[in-house]
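Colleague: Can you look at this prediction? I've put the sequence above it.
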Amino acid sequence: MQTFILNRIGTILNHTGTAFKQMGTPEKAAIIATIAIVAACLLFLAMAVVRRLYNGHRYRVLDDLRAGQLIAIRNYIKTKHPDMESFRARPGSRKWVALEDTLFSLAEDETNRIIVRQFFEQLGYVEHYLKDLNSRRVITRASAIAKLGRMGNSRTAEALLAMLETSDPEIVAVTVRAIAKTGNASTLIKLMNKIPVLLEKNLIAKKTIDSSLIAASSRITPVLLDFGKTCSNATLIASILSVLSSFPVDRDVYDFAVSHFCHPDAEVRAKAARLVMFCEEKVGILHESALLPLLKDPVWFVRLHALRSLGNRKQEKYIPEIFSLVFDEKWQVRNEAAINLTLLGKEAIDAFLWLLKSDDEYIVASICEEIEKTNFVDVLLGIMTSPQQSDTSQKAKEILTIMVSRGFSSPLGEFAKTLGAGTYPKRQEAS
């Protein structure tokens with residue numbers, strides 16, 4: 001049987017060879033190209049399978065190493081054993097990589113950071129990555145910078161600052177994130193002093209600055225405040241104000257924000273007004289009338305943020321100021337004013353009723369939409385069921401009726417039959 005099969009294969013190959021010889025050059029070239037393509041695809045597939053199997057094995061080994069090292073390091077910390085030599089490994093080896101990953105994961109807990117820094121220093125990680133800063137390969141330098149930043153070793157500060165002198169935007173961005181991550185006050189101030197030049201040379205984006213400082217956590221708040229008090233660069237001040245909005249705030253942050261309400265740069269004024277809202281939620285209203293001038297700011301987004309902060313106070317006495325911005329030239333400001341009026345509840349009824357009798361169809365529609373979207377509808381319905389507020393109840397009824405007549409029926413449809421459509425006199429212009 002085997003002889004028969006071999007004979008048949010030989011016959012097929014002979015016929016194939018004969019047929020190939022009889023083909024013209026173009027046909028031969030096409031067949032050879034097809035065979036080459038199929039062979040390349042099979043080779044690529046085989047390499048992918050081998051690579052996946054290898055990586056899977058490598059990751060399993062690393063996971064086992066990490067698990068064992070985690071236990072060993074925790075025992076080391078618990079017993080305060082002075083000898084770290086058992087953890088030493090050759091740079092780049094699996095043990096080296098696994099230990100590095102384990103130490104970084106432990107460093108996420110503030111209580112472990114000091115001992116983790118000792119591990120990185122004594123086992124040669126810091127020295128190894130300081131040497132990598134001189135590599136010709138950008139990816140090697142960038143990786144070393146990022147890891148040195150995470151290690152938080154103070155003796156790497158000058159080496160990291162030196163990396164800001166490069167003209168490579170990628171290296172500069174990684175370095176800024178690394179220095180911010182260290183949280184070292186003196187190094188961070190040196191970085192902040194260099195940022196204006198980096199921005200001017202287009203070596204770094206403002207977004208990178210903000211995200212890097214936020215990643216450093218609120219421990220840098222005192223540094224930002226001290227630096228911000230003497231900083232003259234508007235872009236950097238705006239970044240500081242924006243970053244502080246992401247951190248827990250206190251009276252010092254509040255005062256810092258208010259001190260920039262008169263800054264010549266509009267973005268700084270807007271960020272300061274926004275920061276005040278977070279401050280007042282935490283420490284209360286300490287600068288009573290400071291926001292009011294910003295409601296008349298020539299730049300619309302400054303008015304918007306000032307309005308949001310003022311509206312967040314939810315105080316009836318600010319109704320006139322909020323009411324005036326319902327007629328702002330920018331629709332974003334008008335909408336925000338309408339939203340803030342709904343947050344004031346029944347105290348804003350007179351303002352809403354006056355606005356709903358306006359000749360401005362856009363304002364009327366905006367007010368109706370905001371009333372419908374917020375819980376102010378529930379406020380109005382609640383007022384109507386309270387006989388103790390007869391005058392206010394009548395005004396609530398009138399507002400609901402106007403809304404129904406304008407097609408805003410949800411959930412007012414049930415009232416349409418009993419309230420009637422009604423006609424209303426035009427509002428009287430204020431003298």
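Modeller: Thanks, I have the structure now.

Colleague: so how far is stretch 103-117 off the chain centroid?
Modeller: With CA atoms, centre = their mean, to the nearest Å as the basis, stretch 103-117 stands 25 Å off its chain's centre.

Colleague: do the same with stretch 99-116
Modeller: Mean-position distance between stretch 99-116 and its chain equals 25 Å (CA atoms, centre = their mean).

Colleague: And it, what's buried?
Modeller: Of all the residues in stretch 99-116, those buried under the rule 16 or more other CB atoms under 10 Å are 99, 100, 101, 102, 103, 106, 107, 112, 116. C-beta here means a position set from N, CA and C on the backbone, and glycine is covered the same way.

Colleague: Out of these, which sit inside helices?
Modeller: Secondary-structure check on the buried residues of stretch 99-116 using DSSP state H: residues within helices are 99, 100, 101, 102, 103, 106, 107, 116.

Colleague: List just the nearest of the residues you listed to residue 314.
Modeller: If you rank those by distance to residue 314 using CB to CB, residue 107 comes first, at 42.8 Å.

Colleague: The closest one contacts residue 114, doesn't it?
Modeller: No. With contacts defined as CB atoms under 8 Å, residue 107 does not count as touching residue 114, sitting 9.7 Å away.

Colleague: Looking at the ones in helices among the buried residues of stretch 99-116, which is nearest residue 270?
Modeller: Distances from residue 270 to those, taken by CB to CB, are shortest for residue 107, at 36.6 Å.

Colleague: of all the ones in helices among the buried residues of stretch 99-116, which comes closest to residue 145?
Modeller: residue 100 (15.0 Å).

Colleague: can you pull the contacts of the closest one?
Modeller: By CB atoms under 8 Å, 6 or more residues apart in numbering, residue 100 lies in contact with 125, 147.

Colleague: Over to residue 138?
Modeller: By CB under 8 Å, 6+ apart, the residues touching residue 138 are 168, 170, 171.

Colleague: Buried ones among those?
Modeller: residue 171.

Colleague: In TSV, list the contacts of residue 138 along with secondary structure, distance to residue 143 and pLDDT.
Modeller: Formatted as TSV, the contacts of residue 138 follow (DSSP: H, G, I helix; E, B strand; the rest coil; distance: CB to CB, whole Å; pLDDT from 0 to 100):
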residue	secondary structure	distance to residue 143	pLDDT
168	coil	14	92
170	helix	12	93
171	helix	11	94
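
Colleague: Take the contacts of residue 138 and write them to JSON lines, including distance to residue 234.
Modeller: Below are those laid out as JSON lines (distance: CB to CB, whole Å):
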{"residue": "168", "distance to residue 234": "26"}
{"residue": "170", "distance to residue 234": "26"}
{"residue": "171", "distance to residue 234": "26"}
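
Colleague: Do you have the helices of the stretch 1-150 of the chain handy? List them.
Modeller: Ranges of helices within the stretch 1-150 of the chain are 2-22, 25-79, 94-107, 113-122, 125-132, 138-151, based on DSSP state H, counting those that start in this stretch.

Colleague: can you pull the pLDDT of residue 415?
Modeller: Per-residue confidence at residue 415 stands at 52 (pLDDT).

Colleague: Can you tell me, leaving aside adjacent residues, what's nearest to residue 244?
Modeller: Counting by CB to CB, 6 or more residues apart in numbering, the nearest residue to residue 244 once its immediate chain neighbours are dropped is residue 253, at 5.4 Å.

Colleague: and the residue nearest the centre of the chain, what does it touch?
Modeller: Most central in the chain under CA atoms, centre = their mean is residue 211, positioned 7.0 Å from the mean C-alpha point. Contact analysis of residue 211 by CB under 8 Å, 6+ apart lists residue 177.

Colleague: The strand or helix carrying it: what's the following helix or strand?
Modeller: Taking DSSP states H and E as the definition, one finds residue 211 inside helix 206-215. Downstream of helix 206-215, the first helix or strand assigned by DSSP H and E is helix 221-230.

Colleague: Name the next helix or strand following that next one along the chain.
Modeller: Sequence-wise, the next helix or strand downstream of helix 221-230 (DSSP H and E) is helix 234-244.

Colleague: so the helix or strand following that next one versus helix 221-230, what angle?
Modeller: Reading on from helix 234-244 to the C-terminus, the next helix or strand found by DSSP H and E is helix 251-258. Following axes from the mean of the first three to the mean of the last three CA atoms, to 10 degrees, one obtains 30 degrees for the angle between helix 251-258 and helix 221-230.

Colleague: In the chain, where is pLDDT below threshold?
Modeller: Under the criterion pLDDT under 70, the flagged ranges of the chain are 1-2, 4-24, 28, 49-50, 53-59, 61-62, 80-82, 386-389, 409-431.

Colleague: domains of it?
Modeller: Taking automatic domain parsing as the domain assignment, the record places the domains of the chain at 60-77+91-110, 124-216, 232-313, 318-431.

Colleague: just to revisit the earlier point, from the ones in helices among the buried residues of stretch 99-116, which is closest to residue 319?
Modeller: Out of these, the one with the shortest distance to residue 319 is residue 107. That distance is 51.9 Å, counting by CB to CB.

Colleague: any idea how far that closest one is from residue 184?
Modeller: With distances taken as CB to CB, to the nearest Å, residue 107 is found 15 Å from residue 184.

Colleague: And residue 135, by the same measure?
Modeller: Separation of residue 135 from residue 184 (CB to CB) stands at 24 Å.

Colleague: quick one: which of these two has more around it?
Modeller: Ranked by neighbour count (other CB atoms under 10 Å), residue 135 and residue 184 place residue 184 first, with 21 against 13.

Colleague: residues in contact with that one?
Modeller: Shown here is residue 184, whose contacts under the criterion CB under 8 Å, 6+ apart are 152, 154, 157.

Colleague: What separation is there between residue 240 and residue 148?
Modeller: 25 Å.

Colleague: quick one: contacts for residue 150?
Modeller: Residue 150 makes contact with 104, 107, 178, 181, according to CB under 8 Å, 6+ apart.

Colleague: One more pass at 10 Å, please.
Modeller: The contact partners of residue 150, by CB atoms under 10 Å, 6 or more residues apart in numbering, come to 100, 103, 104, 107, 108, 116, 120, 177, 178, 181, 182.

Colleague: do residue 293 as well
Modeller: 261, 262, 269, 306.

Colleague: ok, residue 308 touching residue 281?
Modeller: No. Under the criterion of CB atoms under 10 Å, residue 308 lies out of contact with residue 281, with a separation of 12.0 Å.

Colleague: So these two - more neighbours on which side?
Modeller: More neighbours surround residue 308 than the other of residue 308 and residue 281, with 18 against 12 (other CB under 10 Å).

Colleague: any idea which element that one lies in?
Modeller: Assigning secondary structure by DSSP H and E places residue 308 in helix 300-311.

Colleague: Give the buried residues for that helix.
Modeller: For helix 300-311, a neighbour-count test (16+ other CB under 10 Å) marks 301, 302, 303, 304, 305, 306, 307, 308, 309, 310, 311 as buried.
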